[in-house]
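J.: mind folding the following:
(chains A and B)
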Amino acid sequence: AQKVTQAQTEISVVEKEDVTLDCVYETRDTTYYLFWYKQPPSGELVFLIRRNSFDEQNEISGRYSWNFQKSTSSFNFTITASQVVDSAVYFCALSGGDNAGNMLTFGGGTRLMVKP
Amino acid sequence: DSGVTQTPKHLITATGQRVTLRCSPRSGDLSVYWYQQSLDQGLQFLIQYYNGEERAKGNILERFSAQQFPDLHSELNLSSLELGDSALYFCASSALGERETQYFGPGTRLLVL
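T.: Predicted structure coming up:
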């Protein structure tokens, strides 16, 4: 069975601080896909980033960056120079490549509060 | 805007009733997924349809059913509603390849009184 753990339930930072959201996953699939989604107070789920298990290159996209480490089964997400608009619940998710279907297994979410 | 639409946005009903939630996927997407978000269970996968056929099933109750129509829109039917069914129900869609990213609709917030 697949499992995603986000140990940080709530993080509070002051605007302009950098913040890293942790995600640890478990899967028996040899190929899998990792995602980060954002859920602002309005409630919708917004796709942020995706990483395939066969590509461990870490990237930066604007103020977002991510650190995928297969050896430790971690997929951490960093927001640089946080802004108040970044306040939301962030979900890490996993989908398996070996199973039928493409269901996402979500972590419990991390609530990020960015204070001005 | 993800391109996935869901109606209605809010639904208030009573225990024992039946409701239907509707989802229209992004243009061209063949896969539709339903998820439930509740305070105690978090975000959970319910069911997936691919081009009209059921593709995968998650923790979906027998009182719940879904279908995907020829025009690719999908409906989630919830019957014999209980208080515990109160939740945010999301629909997502993905492109041709099943390993594509899922894009979520705005959700339907269901309150069972």
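J.: where does the prediction get shaky in chain B?
T.: In the predicted model of chain B, residues B:96-99 satisfy pLDDT under 70.
J.: quick check: the residue of it most remote from its centre vs A:Leu112, distance?
T.: Residue farthest from the centre of chain B, counting by C-alpha atoms, centre = their mean, is B:Leu113 at 20.4 Å. Remark: distance between B:Leu113 and A:Leu112 (C-beta to C-beta, to the nearest Å) = 32 Å. Yep, even glycine has a C-beta here, placed from its N, CA and C like the rest.
J.: shouldn't A:Thr5 be in contact with A:Cys23?
T.: Yes. Under the criterion of C-beta atoms under 8 Å, A:Thr5 lies in contact with A:Cys23, with a separation of 7.4 Å.
J.: which residues do these two both contact?
T.: A:Gly107 (C-beta atoms under 8 Å, 6 or more residues apart in numbering or on different chains).
J.: what about those two, which has more around it?
T.: More neighbours sit around A:Cys23 than around the other of A:Thr5 and A:Cys23, counting by other C-beta atoms under 10 Å in any protein chain shown; the figures are 27 against 14.
J.: count of residues packed around B:Gly58?
T.: Using other C-beta under 10 Å, B:Gly58 is surrounded by 17 other residues.
J.: tell me the contacts of it?
T.: B:Gly58 touches A:Met103, B:Gln44, B:Phe45, B:Leu46, B:Ile47, counting by C-beta under 8 Å, 6+ apart.
J.: how many residues are close by the last one?
T.: B:Ile47 is flanked by 24 other residues according to other C-beta under 10 Å.
J.: show me the shaky parts of chain A.
T.: Short version for chain A, where the test is pLDDT under 70: A:97-101.
J.: near chain B, which residues of it are found?
T.: Taking C-beta under 8 Å from any C-beta of the partner chain as the measure of proximity, chain A contacts chain B at A:33, A:35, A:37, A:43-47, A:50, A:91, A:95, A:97, A:99-106, A:108-109.
J.: just the buried members of the residues you listed?
T.: Under a neighbour-count criterion of 16 or more other C-beta atoms under 10 Å in any protein chain shown, the subset of the residues of chain A next to chain B counted as buried comprises A:33, A:35, A:37, A:44-47, A:50, A:91, A:95, A:97, A:101-106, A:109.
J.: which residues of chain B fall in strands?
T.: Applying DSSP state E to chain B gives strands spanning B:5-7, B:10-13, B:19-24, B:31-38, B:42-50, B:53-57, B:64-68, B:74-78, B:87-94, B:103-104, B:108-112.
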